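S.K.: Sequence and predicted structure below; questions after.
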Amino acid sequence: MTTFSRIEPLGFDPTIPNAARVYDYFMGGKDNFAADREAARKALELAPELPMMCREGRRFLDRVVRHLAAQGIRQFVDVGCGLPTQGNTHEIAQAAAPGSRVVYVDNDPVVVAHARALLETTENTAVINADMRTPEQILGHPRLKELIDLDRPVAVLLLFMLDRIPEDDLAAGIVRCFRDAVVPGSHLAIGHSVSDLRPEATAGLADLFQTNGMISGHRHRAQQRTKADVERLFEGLSIVEPGVVYVPFWRPDHPGETTGATRIWTVGGIGRKDG
């Protein structure tokens, strides 16, 4: 049995780089501070493709949610939502299937406050403050239970968040907890950066993030997981075609237009829970 650790609340300190704000900077947003921009610039020296990867990750989210809506899913739990940007989960889901219910989860209270102001625009959308390392608290959160019926199929989105869990058993335990809590017909989507293509860059970034304290309250791996490691996270689930692949190649809208795809070292896929 996996034991999930107690999580201390994160505080707000603009002098310490924050992953959500660095991502915002890469996406061209304005919700970032000097420390975030400096950390981002150092990261770009190691991996100048990072902004392109962030954009590809957002496109992957869009395709995943549209696919799940086409499969009849009307409930979504977006774990680790980060700062709002364009094309958020509820916008995609509710455009594809009006009435879809979406619960966003983040462990940063500042991110949650910002997200509530911008994302809770309908009665079918909520933002809760919880940590993915305590999935049982997410699943038992009163606000989630108001919107999400766990006796009906649900999609759990773990997109580019398990990267921040250094322990393999804990990452697998998080996935297993969500998998066991949902009913057959539910889906889990995972996106994850991997070390296969750019081991020097991913090792350098891990060292940079550790030095800068970018992920406050988290410890870090010396090297990212491999694609094979990510595939193992889908244990007990039926992987939806085309499998766990580099994200530009996951059901692209225009298969012939994958410019720069070979520079993307993030993989993703969807697992379906069968009966």
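M.R.: Received it, and whenever you're ready, just let me know what you need.

S.K.: from here on, contacts and neighbour counts on C-alpha atoms
M.R.: Noted.

S.K.: And the next helix or strand past the helix or strand hosting G191?
M.R.: Using DSSP states H and E, G191 sits within strand 187-193. Per DSSP H and E, the first helix or strand lying C-terminal to strand 187-193 is helix 199-212.

S.K.: Mind giving me the packing neighbours of that next one?
M.R.: Counting contacts by 3 or more Cα pairs under 8 Å, 6 or more residues apart in numbering; DSSP states H and E, helix 199-212 is packed against helix 34-46.

S.K.: Which other helices and strands does the helix or strand that the helix it packs on is followed by contact?
M.R.: Per DSSP H and E, helix 34-46 leads on to helix 50-70 as the next helix or strand towards the C-terminus. Contact here means 3+ Cα pairs under 8 Å, 6+ apart; on that basis helix 50-70 packs against helix 19-26, helix 89-96, strand 187-193, strand 266-272.

S.K.: mind listing what's buried in helix 50-70?
M.R.: 50-54, 56-69 (16 or more other Cα atoms under 10 Å).

S.K.: One more: stretch 174-193?
M.R.: 174-176, 178-179, 182-193.

S.K.: how about L150, what does it touch?
M.R.: Applying Cα atoms under 8 Å, 6 or more residues apart in numbering to L150 gives the contacts A181, V182, V183.

S.K.: what do you get for Q223?
M.R.: Applying Cα under 8 Å, 6+ apart to Q223 gives the contacts S195, P199, T202, A203, A206.

S.K.: and if we set it to 10 Å?
M.R.: P166, V194, S195, P199, E200, A201, T202, A203, G204, L205, A206, D207 (Cα atoms under 10 Å, 6 or more residues apart in numbering).

S.K.: Check M53 too.
M.R.: So M53 contacts 26-27, 47, 59, 193, 247-248, 260-261, 263-266 (Cα under 10 Å, 6+ apart).

S.K.: Find the centremost residue of the chain, please.
M.R.: Most central in the chain under Cα atoms, centre = their mean is L159, positioned 2.5 Å from the mean C-alpha point.

S.K.: Count residues in the vicinity of the residue nearest to R74 when sequence neighbours are not counted, would you?
M.R.: Of all residues not flanking R74 in the chain, S100 sits nearest, at 4.5 Å (Cα to Cα, 6 or more residues apart in numbering). By other Cα atoms under 10 Å, the residues close to S100 number 21.

S.K.: What count of nearby residues applies to P142?
M.R.: Look at P142: counted by other Cα under 10 Å, it has 12 neighbours.
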